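Enquirer: Could you look at this predicted model? Sequence included:
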Amino acid sequence: MSVILDNLPALLIAVPLFGAFLTPLFGRFLPKVRTPWAIFAVLASAAVAITTAIRVLISGPIVYVFGAGASAPAVLDSAGIPIRIIFTIDAFGAFMLLSAAIVSVAVMLYLAASQKRRSGKSAFYTLYLLLTAGIFGMVSTGDLFNFFVFLEINSLAAAALVSYHRKGGIAVEGAIKYAVVNTIGGLMVLAGIGLLYSQYDTLNMALIASQIAPNPVTITALVLFLAALAMKAGSVPFHFATPDAYSVAPSGVTALMIVASQAGLYGIFRILFTVYNGVFNTVTVGWVVIILGVLSMVIGVTMALPQKDVKRLLAYHAVSQTGYMLLGVGVALCVLHDAAALSAYGTTAMEGGLFHIFNHAMYKGLLFLAVGAVIYRTGVWSINKMGGLGHNMKWTMIFFLIGALAIAGIPPFNGFASKLMIYESTFAFNPVLAIIAMVVSILTLASFMKVFHSLFLGPKQPEYAEVKEAPKPMIAGMIILTVFVVVLGIFPDLFVNAVISPAADALLNSGTYLSAVLGGGL
């Protein structure tokens with residue numbers, strides 16, 4: 001057992017990759033075992049991620065070196081840091097691992113039913129496990145180049161999954177757009193990495209952070225990182241591929257793609273607070289992040305309101321909700337060097353932004369799964385062609401309503417808890433920003449009440465008279481996410497104190513991360 005616990009970071013990647021490797025073999029020789037194996041592989045991967053996160057939250061950052069046992073001549077030195085893969089997982093990384101693990105399990109259970117009648121399941125589950133590995137790697141690595149590698153695994157697996165099943169070529173079009181945008185973003189990240197390597201002769205995040213200084217090269221690299229990872233996160237004005245991809249991907253896949261996009265936010269925040277360590281003008285960059293957040297909130301909800309395709313509507317709301325995360329963290333960045341303001345409201349803003357990342361993964365994942373269940377049973381995407389489904393799909397209706405109230409910030413659901421933290425802290429910083437955030441929430445509520453009425457209320461429609469409730473595995477996946485939406489809304493302080501506050505502190509006080517790497521562990 002101690003060997004397993006000591007090597008948890010390696011298992012974060014090894015388990016899903018091993019699962020992905022064996023899935024097509026089972027599909028070819030033991031097809032009945034393929035889906036149970038994929039479920040087991042995801043459950044095992046999630047168990048490793050959750051265990052790793054708990055260990056970090058209890059005991060502090062984990063620094064894990066792949067290849068530490070290599071013979072001395074094979075390990076070259078670069079500025080005191082060996083050239084080998086180093087994972088550094090602090091409370092912020094642990095927080096992201098928890099989110100990814102929970103959603104991956106809920107979605108996999110859901111997919112076990114939704115993909116049952118589909119072809120190509122071997123490749124589908126293989127790509128799903130690769131996407132999971134990519135997310136885990138992005139939020140665990142302490143090396144910029146390996147971050148790029150996992151970013152590419154994440155993006156390519158997601159793009160391939162987008163193109164599955166939906167007919168008419170629209171899914172392929174969405175996948176191509178997503179792949180092109182993420183390829184451009186990946187090249188920009190690679191260019192930024194090259195610029196930093198040319199300056200500091202290392203790719204280790206902690207070592208770069210210990211030496212970094214503001215100059216034209218490092219600032220250019222920062223701009224490249226921000227723009228590229230904003231593309232991955234789906235933030236306005238880099239959001240153009242997000243609605244196309246989210247609206248055509250299988251609904252379960254879209255739920256996990258929400259977490260995949262949030263790994264882009266992880267990259268932005270890790271680079272701003274840890275790698276660059278506040279050496280730039282934090283007020284200016286903080287306002288850039290705030291403006292991106294406000295644009296995402298406003299444009300996202302505005303574009304969602306007229307949509308008739310229910311999944312495209314959800315996609316634009318995902319863009320809008322990303323704005324709240326950027327707003328909270330942007331406020332914290334603006335006051336990073338103002339101790340009084342940071343204590344008064346900056347830390348709360350940071351916690352609110354991070355809490356909203358987790359909450360959004362839960363309630364938006366729930367919404368996509370609920371809508372996917374409706375599409376699974378009806379084969380219809382258009383809001384105008386649905387109605388009265390609540391008579392036959394009562395559980396799905398309840399799950400959708402809970403998700404809708406959560407995304408609008410209505411108590412007692414989790415969206416209210418994180419939005420309240422953002423409202424209060426942002427109001428102390430700039431009341432206008434808080435008012436904008438609240439107005440966007442009102443518009444979000446109006447949008448979802450309209451969708452809820454169109455899908456589930458009203459008399460039974462003759463064409464849907466024989467529609468049945470979603471299969472039990474799909475219901476099970478929705479239940480998992482619903483539990484977190486409700487429990488974190490009723491008892492937010494428990495989660496904030498145990499997970500969110502340590503994650504926020506890890507970003508605001510990067511010394512712990514740096515000392516874990518540079519002060520020992522290698």
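Expert: Arrived safely.

Enquirer: I'd say L508 and A339 touch.
Expert: No. Between L508 and A339 there is no contact under C-beta atoms under 8 Å: 11.0 Å. Where C-beta positions appear, they are placed from N, C-alpha and C, glycine not excepted.

Enquirer: what about these two, which has more around it?
Expert: Between L508 and A339, L508 has the larger neighbour count (other C-beta atoms under 10 Å), namely 17 against 10.

Enquirer: Tell me how far that one lies from M350.
Expert: Distance of L508 to M350, computed by C-beta to C-beta, to the nearest Å: 6 Å.

Enquirer: residues shared between the contacts of the two?
Expert: Common contact partners of L508 and M350 (C-beta atoms under 8 Å, 6 or more residues apart in numbering): A332.

Enquirer: May I see the buried residues of whichever helix or strand L25 is part of?
Expert: Element membership for L25, per DSSP states H and E: helix 8-29. The neighbour-count check on helix 8-29 (16 or more other C-beta atoms under 10 Å) flags 8-13, 15-20, 22-23, 26-27 as buried.

Enquirer: and D493, how many neighbours?
Expert: Neighbours of D493 using other C-beta under 10 Å come to 10.

Enquirer: same check, this time on P459
Expert: Neighbour number of P459 under other C-beta under 10 Å is 8.

Enquirer: doesn't it fall inside a strand?
Expert: No. Judged by DSSP: H, G, I helix; E, B strand; the rest coil, P459 forms no part of a strand; its state is coil.

Enquirer: for the next helix-or-strand element following the helix holding L25, packing partners?
Expert: In the C-terminal direction, the helix or strand that comes right after helix 8-29 (DSSP H and E) is helix 31-59. Packing contacts for helix 31-59, counted by 3 or more C-beta pairs under 8 Å, 6 or more residues apart in numbering; DSSP states H and E, involve helix 8-29, strand 62-65, helix 91-114, helix 121-138.

Enquirer: Helix 31-59: how far from the chain's middle?
Expert: Averaging C-alpha positions (C-alpha atoms, centre = their mean, to the nearest Å) puts helix 31-59 17 Å from its chain's average.

Enquirer: try stretch 26-33
Expert: Going by C-alpha atoms, centre = their mean, where stretch 26-33 is centred and where its chain is centred differ by 31 Å.

Enquirer: what's in contact with the helix holding L25?
Expert: Against helix 8-29 from outside (C-beta under 8 Å, 6+ apart): 4, 33-34, 37-38, 40-42, 44-45, 48-49, 51-52, 55, 62, 64, 66, 87, 89, 97, 121-123, 125-127, 129-130, 132-133, 136-137, 140.

Enquirer: The helix or strand containing T322 - contacts with which helices or strands?
Expert: Following DSSP H and E, one finds T322 within helix 310-334. Under the contact criterion of 3+ C-beta pairs under 8 Å, 6+ apart, helix 310-334 touches helix 242-248, helix 251-270, helix 282-304, helix 347-378, helix 414-429, helix 431-456.

Enquirer: export the ones you listed to a markdown table and tack on mean neighbour count?
Expert: Output for the helices and strands packed on helix 310-334, formatted as a markdown table (neighbours: other C-beta atoms under 10 Å):
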| stretch | mean neighbour count |
| --- | --- |
| helix 242-248 | 26 |
| helix 251-270 | 27 |
| helix 282-304 | 20 |
| helix 347-378 | 27 |
| helix 414-429 | 23 |
| helix 431-456 | 18 |
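
Enquirer: Make a markdown table out of these and add mean pLDDT and distance to I398.
Expert: Output for those, formatted as a markdown table (pLDDT from 0 to 100; distance: least, C-beta to C-beta, whole Å):
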| stretch | mean pLDDT | distance to I398 |
| --- | --- | --- |
| helix 242-248 | 90 | 23 |
| helix 251-270 | 94 | 17 |
| helix 282-304 | 96 | 22 |
| helix 347-378 | 96 | 9 |
| helix 414-429 | 97 | 16 |
| helix 431-456 | 96 | 9 |
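
Enquirer: Helix or strand with the lowest mean pLDDT in the protein?
Expert: One helix or strand of the chain scores below all others by mean pLDDT, DSSP states H and E: strand 77-78, with a mean of 48.

Enquirer: give the contact list for the closest residue to I62 other than its chain neighbours.
Expert: Leaving aside its sequence neighbours, I62 sits nearest to I89 (C-beta to C-beta, 6 or more residues apart in numbering; 4.7 Å). Contact analysis of I89 by C-beta under 8 Å, 6+ apart lists P9, T52, V56, P61, I62, Y64, L97, V139, S140.

Enquirer: Recalculate using a threshold of 7 Å.
Expert: P9, T52, V56, P61, I62, S140 (C-beta atoms under 7 Å, 6 or more residues apart in numbering).

Enquirer: which one of those residues is nearest F358?
Expert: The shortest gap between F358 and any of those belongs to V56, at 15.5 Å (C-beta to C-beta).

Enquirer: And the closest residue to M438 other than its chain neighbours, how far from I212?
Expert: Excluding the flanking residues, the one nearest M438 by C-beta to C-beta, 6+ apart is Y423, at 6.3 Å. For Y423, the distance to I212 (C-beta to C-beta) stands at 34 Å.

Enquirer: State the next helix or strand along the chain beyond the helix holding T322.
Expert: In N-to-C order, the element after helix 310-334 by DSSP H and E is helix 339-341.

Enquirer: What is the burial count for the nearest residue to P412 once chain neighbours are set aside?
Expert: Closest residue to P412 apart from its sequence neighbours, by C-beta to C-beta, 6+ apart: G489 at 4.6 Å. Look at G489: counted by other C-beta under 10 Å, it has 23 neighbours.

Enquirer: Return the set of buried residues in the helix or strand harbouring Y513.
Expert: Assigned by DSSP H and E, Y513 belongs to helix 511-518. Neighbour counts over helix 511-518 (16+ other C-beta under 10 Å) mark Y513, L514, A516, V517, L518 as buried.

Enquirer: on that earlier part again, between the contacts of I89, which sits nearest L295?
Expert: S140 (30.4 Å).

Enquirer: Isn't A361 up against S104?
Expert: No. Counting by C-beta atoms under 7 Å, A361 sits too far from S104 to count as a contact (10.4 Å).

Enquirer: isn't I153 right up against G134?
Expert: Yes. In this structure, I153 is within contact of G134 by C-beta under 7 Å, at 3.7 Å.

Enquirer: In terms of neighbours, single out the busier of those two.
Expert: G134 (24 against 20).
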